[in-house]
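**Student:** Sharing a sequence plus its predicted fold:
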Amino acid sequence: MYKHILVATDGSDFAAKAITTGLELAKCVGAKVTVVTVTEPWRGRLTGEAAFGFPTGDFEKFADAQAQQILDKARKAASEAGVECNALHVREHHPAEGVLDAAQQTGCDLIVMASHGRRGLGRLLLGSETVRVLTQTHIPVLVCR
C-alpha cells in the first residue's frame with residue numbers, strides 16, 4: 001500500500017484534521033510521513049496613500065518562526081502516534097506548487113490535506129489550493145473535510 005505519506009498543513013484547525021488522519025493512516029500501513037508547510041512569496045501591499053512597510057528580512061524571520069511552530073506541533077503529534085516523521089518548510093512558493101514539489105522531491109505516494117485552509121470565503125467550498133493539487137498531480141490525494 002502506501003510507504004511514504006505527505007501531509008500538508010498551514011497550521012489551521014482544518015489542517016490539524018489532515019495531520020491526525022495522515023498519521024493514523026501511516027501507523028496502520030507502516031508508512032513514514034513527511035509534513036510540509038509552505039510559505040508564500042512576500043508581497044508588499046499599499047493601502048490608501050501610505051505604503052504598508054514590512055521589510056523582507058522581517059517577513060522571512062516571521063514566516064520561518066511560524067513554520068517552525070507548525071512543524072514542531074506536527075512532529076510532536078507524530079512522536080505521540082509512534083510514526084516516523086520528517087518535517088519540511090518550503091519557502092517562496094504558492095501553497096499548491098510547494099506541496100506538489102515536496103511530494104515529488106520526497107518520493108511520496110500519497111498526499112493528505114484539508115479540504116480548505118485559512119482563507120475567508122474559501123472555507124465554504126473546496127479550497128482552491130486543494131483543487132490545484134488534485135488537478136495537477138498523478139499522486140493519489142486524500143482530502144479531509
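**Tutor:** Structure's in. What do you need?

**Student:** Is Val83 in contact with Lys27, as I believe?
**Tutor:** Yes - counting by CB atoms under 8 Å, Val83 touches Lys27, with 5.3 Å between them. Where you see a C-beta, it was placed from the backbone N, CA and C, and this is true even at glycine.

**Student:** So these two - more neighbours on which side?
**Tutor:** The residue with more neighbours, out of Val83 and Lys27 and counting by other CB atoms under 10 Å, is Val83; that gives 19 against 15.

**Student:** Report pLDDT for Glu84.
**Tutor:** For Glu84, the model assigns a pLDDT of 96.

**Student:** Can you tell me, leaving aside adjacent residues, what's nearest to it?
**Tutor:** The spatially closest residue to Glu84, leaving aside those adjacent along the chain, is Lys32, at 4.2 Å (CB to CB, 6 or more residues apart in numbering).

**Student:** and that neighbour, what does it touch?
**Tutor:** Contacts for Lys32 (CB atoms under 8 Å, 6 or more residues apart in numbering) come out as Lys3, His4, Ile5, Ala26, Val83, Glu84, Cys85, Asn86.

**Student:** okay, those residues in JSON lines with secondary structure next?
**Tutor:** As requested, these are exported to JSON lines (DSSP: H, G, I helix; E, B strand; the rest coil):
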{"residue": "Lys3", "secondary structure": "coil"}
{"residue": "His4", "secondary structure": "strand"}
{"residue": "Ile5", "secondary structure": "strand"}
{"residue": "Ala26", "secondary structure": "helix"}
{"residue": "Val83", "secondary structure": "coil"}
{"residue": "Glu84", "secondary structure": "coil"}
{"residue": "Cys85", "secondary structure": "strand"}
{"residue": "Asn86", "secondary structure": "strand"}
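
**Student:** Need the buried ones from those selected in PyMOL.
**Tutor:** The PyMOL command for the buried members of the contacts of Lys32 (criterion: 16 or more other CB atoms under 10 Å) is given here:
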select buried, resi 4+5+26+83+85
